[in-house]
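Peer 1: coords please:
(chains A and B)
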Amino acid sequence: RKEVEQDPGPFNVPEGATVAFNCTYSNSASQSFFWYRQDCRKEPKLLMSVYSSGNEDGRFTAQLNRASQYISLLIRDSKLSDSATYLCVVNEGTARQLTFGSGTQLTVLP
Amino acid sequence: EPEVTQTPSHQVTQMGQEVILRCVPISNHLYFYWYRQILGQKVEFLVSFYNNEISEKSEIFDDQFSVERPDGSNFTLKIRSTKLEDSAMYFCASAGLASYNEQFFGPGTRLTVL
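Peer 2: Just a heads-up that it's a prediction; the model follows:
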């Protein structure tokens, strides 16, 4: 069974804090990895792809450890607008279908 | 910025009725998908569509479901005889040829089956 597991959350942090989310995936053949964010009752929106070398986009840094089948997302200097559910998402190779984690809810407090 | 659109935003139907959910993918995209999210649960894959045929489908996508690309722009999901447990948010997504792994989602159709 293909599974993507995430920290259950919720995470409540003050503005300006650094917060990290973790995710593990069970299918070692997985090839592509993503973080999406989802606001309440809205569609998932692609935040960033995750590459083996790690990648950074402004305040967001994603890391992938293929040996441990582990993905992380770090948010620095968190803003009120970062409040959302963060979804760890894995593409299962040739199937192209995305497998979603259950998400981690983040609330940034003023 | 191009985006995926979906209609209607909310559909209420009686159990046993047929519904058609409509999507307009991003214009130069070639890969199309339907996902659903039952309230409070994970987003789940239903079906993928490429080159005018289904390329993958999940266990959820049984004989009651069908997809169609009737023209060059629309992509539809039909549920033939709706059940109470079909109540969910249905998301359409599309991806381009160059970056087929990066899927962009529409705003969803909330289906309520009474």
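
Peer 1: Next to chain A in this structure, residues from chain B, please.
Peer 2: Within reach of chain A by CB under 8 Å from any CB of the partner chain, chain B has these residues: B:31, B:33, B:35, B:41-45, B:48, B:55-56, B:58, B:89, B:91, B:93, B:95, B:100-108. Where you see a C-beta, it was placed from the backbone N, CA and C, and this is true even at glycine.

Peer 1: what about chain A, any weak spots by pLDDT?
Peer 2: A:1-2, A:93-95 (pLDDT under 70).

Peer 1: Where do the strands of it begin and end?
Peer 2: Per DSSP state E, chain A carries strands over the ranges A:4-6, A:11-14, A:19-25, A:32-38, A:44-50, A:55-57, A:60-65, A:70-75, A:84-91, A:98-100, A:104-109.

Peer 1: is the last one anywhere near chain B?
Peer 2: No. Interface with chain B: strand A:104-109 contributes nothing (CB under 8 Å from any CB), its closest point being 11.6 Å away.

Peer 1: That strand: how far from the chain's middle?
Peer 2: 13 Å (CA atoms, centre = their mean, to the nearest Å).

Peer 1: buried ones in the worst-scoring helix or strand of chain B on mean pLDDT?
Peer 2: None of the helices or strands of chain B scores lower by mean pLDDT, DSSP states H and E than strand B:53-57, at a mean of 91. Under the neighbour-count criterion of 16 or more other CB atoms under 10 Å in any protein chain shown, strand B:53-57 has B:Ser55, B:Glu56, B:Lys57 buried.

Peer 1: closest to A:Cys88 among these?
Peer 2: Closest approach to A:Cys88 among the buried residues of strand B:53-57 (CB to CB): B:Glu56, at 20.5 Å.

Peer 1: Residues in a beta bridge with that closest one, which ones?
Peer 2: Taking DSSP bridges as the rule, B:Glu56 bridges to B:Ser48.

Peer 1: who touches it in this structure?
Peer 2: By CB atoms under 8 Å, 6 or more residues apart in numbering or on different chains, B:Glu56 lies in contact with A:Ala95, A:Arg96, A:Gln97, B:Phe45, B:Val47, B:Ser48.

Peer 1: Adding distance to A:Ser28 and neighbour count as columns, could you present those in a markdown table?
Peer 2: Below are the contacts of B:Glu56 laid out as a markdown table (distance: CB to CB, whole Å; neighbours: other CB atoms under 10 Å in any protein chain shown):
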| residue | distance to A:Ser28 | neighbour count |
| --- | --- | --- |
| A:Ala95 | 15 | 16 |
| A:Arg96 | 18 | 20 |
| A:Gln97 | 17 | 22 |
| B:Phe45 | 19 | 25 |
| B:Val47 | 25 | 20 |
| B:Ser48 | 22 | 24 |
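
Peer 1: Please identify which of the residues you listed is nearest to A:Pro10.
Peer 2: Nearest member of those to A:Pro10, counting by CB to CB, is B:Phe45, at 25.4 Å.

Peer 1: show me where pLDDT drops low in chain B?
Peer 2: Using pLDDT under 70, the flagged stretches of chain B are B:99-100.

Peer 1: And for the spatially most central residue of it, nearest residue in space, chain neighbours not counted?
Peer 2: For chain B, B:Trp34 is the residue whose C-alpha lies nearest the centre (CA atoms, centre = their mean; 3.2 Å). Closest residue to B:Trp34 apart from its sequence neighbours, by CB to CB, 6 or more residues apart in numbering or on different chains: B:Leu46 at 4.3 Å.
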